[in-house]
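Asker: Dropping a prediction and its sequence here:
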Amino acid sequence: MKKRFGKIILRTAVAVLFGFLVEKTSAAPVDQYHSSWHLVRETASEDGETFADVYDLTGVDQTIAGNFASKNTSTVINGGPFRIPSVNAGDGAHEGYSAGTKWMFVFSGENFNDVDDVFSFNMVGWSKTNGMLQNIAEGDCVLGTQAVVVYPDTGNAIGRTSGVLTGITYDHTGGPSEKVFLRSTAGDFVDAIAGMLAYVTGTNITDGYYEITAVSPAADPNLTINVTASGDTTDATVQFNPAFWVDTISLDQTTKWTSFIDGATSSTGNKGILEVINSGDNEVAAIVVNLTGIEWIQFVIYGADAATNEEAGNITVYGRRYN
């Protein structure tokens, strides 16, 4: 009897311990609707002027070859490509997915040259550590006008707070001071930079997005913004946001990664392995990719030099499990 009772106690203890472990490892939501956003590419300018400047897939330049060991590490989080995680960092809670599930990715960047600034990207991956590079997707992005107020990780946009300033004086007297917005208190415009977009409203001013053309003096600046206006005002509102979400993504080659699943195309109701979801109204666009067989991914950004007339700058990429 004692022996049997001891077995019951042991089984109960094992069951309790197993239940605790299950609870610990499955505490996080396991469905796609609650999947976390992950920082896939840290905020940075372009990796190179062209994709070939970053990865030489011909193998002629061994220093930037397409194998995992030659991976580009200049602007990717933690000094390397993003690994499709199966466990939340820090708490060990399983999110219910592993390498090979479908993921959604979104982009943001800074408009330095009026609205609709552009940049290009290649999404590459490796199936295993030290494997060969696989070119998954390539295309172009256009920034919309939905501002990045906070990123999904709750941090301020690109480390700079988005600003809404009211009661600003606008001097439209002509000459050198024409189209200058004067700070109302010291430090009002300290986070603004030349080339950033501002949304300006006020008496005698035509509401709209305008480029900040000068920030001077640098330490405690006034702003020069070439607004359309008919006269001075003391009630201008200046809203400047460092970053905007991409609203349009176009793929250069749709054959990089198949858009078929078991012979069915997305038009039949079966979503493709590679697809683009564009907003069409200056909102957030996304690319959705099935990453079956891929363990590591990296977004290579090029054509994103703020000094160039129509190119965006400081691009960030976020990703999350889609299903």
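Answerer: Thanks, I have it.
Asker: how about low-confidence regions in the stretch 1-150 of the chain?
Answerer: 1-34, 74-80, 85-100, 113-114 (pLDDT under 70).
Asker: okay, stretch 286-295 in PDB with CA atoms only?
Answerer: The C-alpha trace of stretch 286-295 is given here as PDB (Å, rounded to 0.1, in the frame of the first residue of the first chain):
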ATOM      1  CA  ALA A 286       3.700  45.100 -46.400                       C
ATOM      2  CA  ILE A 287       5.400  42.200 -48.100                       C
ATOM      3  CA  VAL A 288       4.400  38.700 -47.100                       C
ATOM      4  CA  VAL A 289       6.800  35.800 -47.600                       C
ATOM      5  CA  ASN A 290       6.700  32.100 -46.800                       C
ATOM      6  CA  LEU A 291      10.100  31.300 -45.400                       C
ATOM      7  CA  THR A 292      10.000  27.600 -45.500                       C
ATOM      8  CA  GLY A 293      13.500  26.200 -45.300                       C
ATOM      9  CA  ILE A 294      15.000  29.600 -44.400                       C
ATOM     10  CA  GLU A 295      16.600  30.200 -41.000                       C
END
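Asker: List the buried residues for that stretch?
Answerer: Ala286, Ile287, Val288, Val289, Asn290, Leu291, Ile294, Glu295 (16 or more other C-beta atoms under 10 Å). The way it works is simple: take the backbone N, C-alpha and C, and place the C-beta from them, glycine included.
Asker: Not including adjacent chain positions, what is the nearest residue to the fifth one?
Answerer: In space, not counting the residues next to it along the chain, Asn290 is nearest to Ile273; the distance is 3.9 Å by C-beta to C-beta, 6 or more residues apart in numbering.
Asker: close enough to count as contact, that neighbour and Trp257?
Answerer: Yes - in this structure, Ile273 is within contact of Trp257 by C-beta atoms under 8 Å, at 6.0 Å.
Asker: what sits in contact with each of these two?
Answerer: Val289, Asn290 (C-beta atoms under 8 Å, 6 or more residues apart in numbering).
Asker: Among the buried residues of stretch 286-295, which are located in strands?
Answerer: Among those, the ones falling in strands (DSSP state E) are Ala286, Ile287, Val288, Val289, Asn290.
Asker: what sits against Gly280?
Answerer: Asp247, Thr248.
Asker: so which helix or strand takes in Thr43?
Answerer: strand 38-44 (DSSP states H and E).
Asker: Which neighbouring elements make contact with whichever helix or strand Leu165 is part of?
Answerer: Under the criterion of DSSP H and E, Leu165 resides in strand 163-171. For strand 163-171, the contact count by 3 or more C-beta pairs under 8 Å, 6 or more residues apart in numbering; DSSP states H and E identifies strand 180-182, strand 233-240 as packing neighbours.
Asker: Which one of these lies nearest to Gly66?
Answerer: Closest to Gly66 of those is strand 233-240 (C-beta to C-beta; 40.3 Å).
Asker: what domains does the record give for the protein?
Answerer: Segmentation of the chain into domains, based on automatic domain parsing, reads 1-30, 32-156+244-321, 167-234.
Asker: Check pLDDT for the ones in strands among the buried residues of stretch 286-295 and point me to the minimum.
Answerer: Lowest in pLDDT among those is Asn290, which has 86.
Asker: quick one: that one and Pro81, what's the gap?
Answerer: Taking C-beta to C-beta, to the nearest Å as the measure, Asn290 falls 18 Å from Pro81.
Asker: do Val150 as well
Answerer: 26 Å.
Asker: Pick out whichever of these two has more residues nearby.
Answerer: When neighbours are counted by other C-beta atoms under 10 Å, Pro81 comes out ahead of the other of Val150 and Pro81, with 23 against 11.
Asker: Which residue comes closest to Thr129 once chain neighbours are left out?
Answerer: Closest to Thr129 by C-beta to C-beta, 6+ apart is Phe68, at 5.8 Å.
Asker: repeat for Lys71
Answerer: Pro81 (5.7 Å).
Asker: Settle this for me: that neighbour is touching Trp126, isn't it.
Answerer: Yes - when contacts are counted by C-beta under 8 Å, Pro81 is listed as touching Trp126 (7.0 Å).
Asker: Report the set of residues contacting both of the two.
Answerer: Contacts common to Pro81 and Trp126, judged by C-beta under 8 Å, 6+ apart, are Lys71, Trp296.
Asker: what about Gly66, distance to Asn122?
Answerer: Counting by C-beta to C-beta - Gly66 and Asn122 are separated by 11 Å.
Asker: Please say which of these two ends up with more neighbours.
Answerer: Asn122 (23 against 18).
Asker: For the more buried one, I want the exact helix or strand it lies within.
Answerer: Judged by DSSP H and E, Asn122 forms part of strand 118-126.
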